[in-house]
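[1] Build me a model:
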Amino acid sequence: MLSDKKIAVIIPALNEEKTLPRVLNDVPGDLVDEVVVVDNGSSDRTAELAHEWGATVLHEPRKGYGYPCLRGIEYLRTTAPDVVVFLDGNYSDYPDEIITLVEPVINDGCDLVCGSRILGTVEKGALRLPVRFGNLLATTLIRLLYRFKYTDVGPFRAIQFQKLLELDMQDNLGWTIEMQVKAVKSRFKIKEVPVRYRAGTGKSKLTGNIKGIAVVGYRILRAIYNNRDYSPAGTEQSGT
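    All right, here's what the predicted structure looks like:
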């Protein structure tokens with residue numbers, strides 16, 4: 001049944017020439033129909049290497065995380081996949097686990113499936129203090145405000161493309177939280193699955209524990225606040 005569905009992967013990338021080829025090599029070619037790499041203004045060979053590996057290469061000059069993802073979504077309107085997977089380019093996630101995310105969408109009718117590093121296996125040192133703090137803050141606020149229990153707000157996830165369009169995503173730095181909050185408020189059928197996570201070989205975008213915690217905390221609070229009034233036409237909600 002998986003082979004009957006069109007699956008696309010969006011990879012936002014900034015200076016990932018050392019890791020992106022490894023990510024693209026591990027994406028299951030027998031499952032994924034198209035890989036879209038959105039270069040976010042890299043000064044290295046990220047875009048060139050993505051092209052050499054057969055990916056569709058797009059360019060988004062506005063820095064951040066959400067902007068490249070939005071650029072990828074806009075492009076996919078022209079190809080209309082059934083399922084979209086979001087995957088980082090730093091080789092921290094395991095691309096071969098895409099099937100773990102996609103199967104509940106296709107076989108169980110889930111709208112959004114989030115990869116949970118907390119439920120899975122994390123390599124020592126892979127989840128730095130700012131990330132752990134951010135996860136705890138975000139998941140606690142979502143549970144208190146929206147009565148839904150997430151364990152993680154990591155970027156590795158799969159979602160039905162039409163459902164993704166319904167969310168009208170707009171945020172940049174609070175991208176993952178925006179999607180998860182709007183999915184809850186839209187009464188999507190949501191599931192978390194355990195995924196592995198490693199330190200990767202790319203340079204961290206957050207430097208220093210104190211500064212990193214402050215930055216992450218601000219982004220999370222801003223994302224939660226900005227989506228407080230989101231009120232879509234929903235369907236029956238399902239929990240994890």
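
[2] going forward, measure contacts between C-alpha atoms and count neighbours the same way
    Will do.

[3] From residue 195, how far out is residue 120?
    5 Å (Cα to Cα, to the nearest Å).

[4] let me redo that: residue 8
    Counting by Cα to Cα, the gap from residue 8 to residue 195 is 19 Å.

[5] what does residue 181 give?
    21 Å.

[6] now the strands for this structure?
    7-13, 34-39, 56-59, 83-86, 112-116, 157-160, 190-194 (DSSP state E).

[7] mind checking which of those is nearest residue 144?
    Closest to residue 144 of the strands of the chain is strand 190-194 (Cα to Cα; 17.4 Å).

[8] packing partners for the closest one?
    Secondary-structure packing of strand 190-194 (3 or more Cα pairs under 8 Å, 6 or more residues apart in numbering; DSSP states H and E): helix 98-107, strand 112-116.

[9] Quick one: residues in contact with the last one.
    Read it as strand 112-116. Here strand 112-116 makes contact (Cα atoms under 8 Å, 6 or more residues apart in numbering) with 101-102, 104-105, 151-160, 183, 188-195.

[10] Note down every partner strand of that strand and its orientation.
    Paired strands of strand 112-116, with direction, are strand 157-160 (antiparallel), strand 190-194 (parallel) (DSSP bridges).

[11] how far out from the middle of the chain is the first one?
    Relative to the centre of its chain, strand 157-160 is centred 8 Å away, using Cα atoms, centre = their mean, to the nearest Å.

[12] ok, now stretch 154-174?
    8 Å.

[13] Next, the buried residues of it.
    154-161, 163-164, 167, 169, 171-174 (16 or more other Cα atoms under 10 Å).

[14] swap in stretch 140-152?
    Buried residues in stretch 140-152 (16+ other Cα under 10 Å): 140, 141, 142, 148, 149, 150, 151, 152.

[15] and if you look at stretch 62-71?
    Residues of stretch 62-71 classed as buried: 64, 65, 66, 67, 68, 69, 70, 71 (neighbour count, 16+ other Cα under 10 Å).

[16] who are the neighbours in contact with the last one?
    Residues in contact with residue 71 (Cα under 8 Å, 6+ apart) are 38, 58, 59, 60.

[17] now the fifth one
    For residue 68, the set of contacting residues under the criterion of Cα under 8 Å, 6+ apart consists of 12, 38, 39, 40, 59, 60, 62.

[18] Now with 6 Å, please.
    By Cα atoms under 6 Å, 6 or more residues apart in numbering, residue 68 lies in contact with 12, 38, 60.

[19] Let me have the strands paired with strand 112-116 in CSV, adding mean pLDDT as columns.
    What follows is the strands paired with strand 112-116, written out as CSV (pLDDT from 0 to 100):
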stretch, mean pLDDT
strand 157-160, 98
strand 190-194, 98
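
[20] export the lowest-mean-pLDDT helix or strand in the chain as PDB, just CAs?
    Across the helices and strands of the chain, mean confidence by mean pLDDT, DSSP states H and E is lowest for helix 209-226: a mean of 77. Taking C-alpha atoms only, helix 209-226 is exported to PDB below (Å, rounded to 0.1, in the frame of the first residue of the first chain):
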ATOM      1  CA  ASN A 209      24.000  26.600  27.100                       C
ATOM      2  CA  ILE A 210      22.800  29.900  28.800                       C
ATOM      3  CA  LYS A 211      22.500  31.800  25.500                       C
ATOM      4  CA  GLY A 212      21.000  28.800  23.800                       C
ATOM      5  CA  ILE A 213      18.400  28.300  26.600                       C
ATOM      6  CA  ALA A 214      17.400  32.000  26.300                       C
ATOM      7  CA  VAL A 215      17.000  31.800  22.500                       C
ATOM      8  CA  VAL A 216      15.100  28.500  22.600                       C
ATOM      9  CA  GLY A 217      12.800  29.800  25.400                       C
ATOM     10  CA  TYR A 218      12.000  33.000  23.500                       C
ATOM     11  CA  ARG A 219      11.200  31.100  20.300                       C
ATOM     12  CA  ILE A 220       8.900  28.700  22.100                       C
ATOM     13  CA  LEU A 221       7.000  31.300  24.100                       C
ATOM     14  CA  ARG A 222       6.600  33.400  20.900                       C
ATOM     15  CA  ALA A 223       5.300  30.400  18.900                       C
ATOM     16  CA  ILE A 224       2.800  29.400  21.600                       C
ATOM     17  CA  TYR A 225       1.600  33.000  21.900                       C
ATOM     18  CA  ASN A 226       1.300  33.600  18.200                       C
END
